[in-house]
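**Q** Sequence and computational prediction follow.
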Amino acid sequence: MQDNLEKLVYKAKEGDKNAFGEIYKTFVKKIFRFIYYLVYDRELAEDLTQLVFLKAYKSLPSFLPSKGTFQAYLYAIARNQVIDYQRRKKELSLDEVDEPAAIFEIDNEVIQTENKNTVDKLLATLDDDDKQLIIWRYFEELQFAEIAEILNENEGSIRVKMHRLLKKLKERVEKQV
Amino acid sequence: MNIEQHLKILKEDYQKTEPSEKFLSQGWQDLEDKINRLEHRHPNPIYRYIRPLAFAVLLIFVFAGSFTGLAQASQRSLPGEPLYPIKKLSENIISTATGNNLVKVNNRAKEIVDLTKKGNRNEGNLGRAVEEYREEVEKVSKSGKNTKELEDVLESHKREFQEVKEDKSGSNSGTEIDEAIEISKSGSNSGED
């Protein structure tokens, strides 16, 4: 699987769009899920997912396999894409523009209906940074080293953060029980 | 149940989250169209290098322009002034490019005239300018090139030096200007040898 991915990445870097199509199909659900749980809007998550892959394609020449995995590269782009979106959203709400505010209200309704399952309940209580750590480590089963690559931090500090986060979650779950 | 087991159960829920059917069936097609449009807009891969290249050229022009401006401003500077090293650097570039040291001879002569007019003797700048004037005259003279031009230049320097000496006759104009006059005379004579 990893060898095959490396070959596809190599071909895509050479401009082979079919190879990039295979990469897209491999990762599209993962990237969508990751974005969805940060923005809680299916349509928006789909649009941002497309942007992530478009950016990934455009900056493929700068991707170096020696510096990290392709998965980490994609997640890093996705994370930045969500941060950019949230920043723009904040700027718009500060400008008090009416139309986008109406859209956000609809989003909130979607969140409420979709928030019924347990995974939503848990993730909704976390801030974005903690949420990302849980998703990567426990839901997508990324290695600590890979998470460190995405966040451009060292592996040790990711382990410490994860340890603290689990402790915090444990306390919350015990309270609920 | 510990927290890790709890998260494992939630993982199943998480992985059930999927984009819409429409997105899954058309997503790649849409993206490929976008990529094609993007590549169509910039069909030549050289395009991506044009902007950085244009920026680099602009930067070179700005630096060259700044240096030229600075070099021009420095032409009026005298020994001991902040821009003087730039003046020396630019005259070195000119003399290397043209293979002609007369620019240095002319600059030193102007400096001797200006320093004498200023009466600026106490810092030793005038003495050094005269010394350098001698060296540059000797260099051009020994090279055997531009002999006729050198003679004309030194003749005009001699007149300028004498005029300054007369203007400053009441004040303490010193021996440097006499020395400069002697150099301009000897230099022009050496050309006649």
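**A** Sure, I can see it.
**Q** make it CA atoms for all contacts and neighbour counts henceforth
**A** Will do.
**Q** Pick out the residue nearest the middle of chain B.
**A** Most central in chain B under C-alpha atoms, centre = their mean is B:Phe67, positioned 3.7 Å from the mean C-alpha point.
**Q** Kindly report the same for chain A.
**A** Closest to where the C-alpha atoms of chain A average out (C-alpha atoms, centre = their mean) is A:Phe34, at 3.7 Å.
**Q** Determine the number of other residues adjacent to the residue nearest to that one when sequence neighbours are not counted.
**A** Nearest residue to A:Phe34 in three dimensions, chain neighbours excluded: A:Ile135, at 7.2 Å (C-alpha to C-alpha, 6 or more residues apart in numbering or on different chains). Using other C-alpha atoms under 10 Å in any protein chain shown, A:Ile135 has 19 neighbouring residues.
**Q** again with B:His40
**A** B:His40: 10 surrounding residues under other C-alpha under 10 Å.
**Q** so where does it fall, helix or strand?
**A** B:His40 belongs to helix B:21-41 when assigned by DSSP states H and E.
**Q** I figured the residue nearest to A:Phe34 hits A:Tyr36, correct?
**A** No: using C-alpha atoms under 8 Å, A:Ile135 is not in contact with A:Tyr36, being 11.4 Å away.
**Q** circling back: which of the three states applies to the residue nearest to the centre of chain A?
**A** helix (DSSP: H, G, I helix; E, B strand; the rest coil).
**Q** what's the spacing between it and A:Leu165?
**A** From A:Phe34 across to A:Leu165, the span is 18 Å (C-alpha to C-alpha, to the nearest Å).
**Q** got it, and A:Glu22?
**A** Taking C-alpha to C-alpha, one finds A:Glu22 at 35 Å from A:Leu165.
**Q** Under the pLDDT cut-off, which ranges of the chain? List them.
**A** Because you didn't say which chain, this covers chain A. For chain A, the stretches with pLDDT under 70 are A:1, A:94-119, A:176-177.
**Q** switch to chain B, that's the one I care about
**A** For chain B, the stretches with pLDDT under 70 are B:1, B:42-48, B:120-123, B:169-174, B:187-193.
**Q** need the residues of it near chain A, please.
**A** Within chain B, the positions near chain A by C-alpha under 8 Å from any C-alpha of the partner chain are B:2-3, B:7-8, B:10-15, B:17-20, B:23, B:27-28, B:31-32, B:34-35.
**Q** Whichever of these end up buried, select them in ChimeraX.
**A** Per 16 or more other C-alpha atoms under 10 Å in any protein chain shown, the buried members of the residues of chain B next to chain A correspond to this ChimeraX selection:
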select /B:3,7,10,11,14,17,18,19,23,27,28,31,32,35
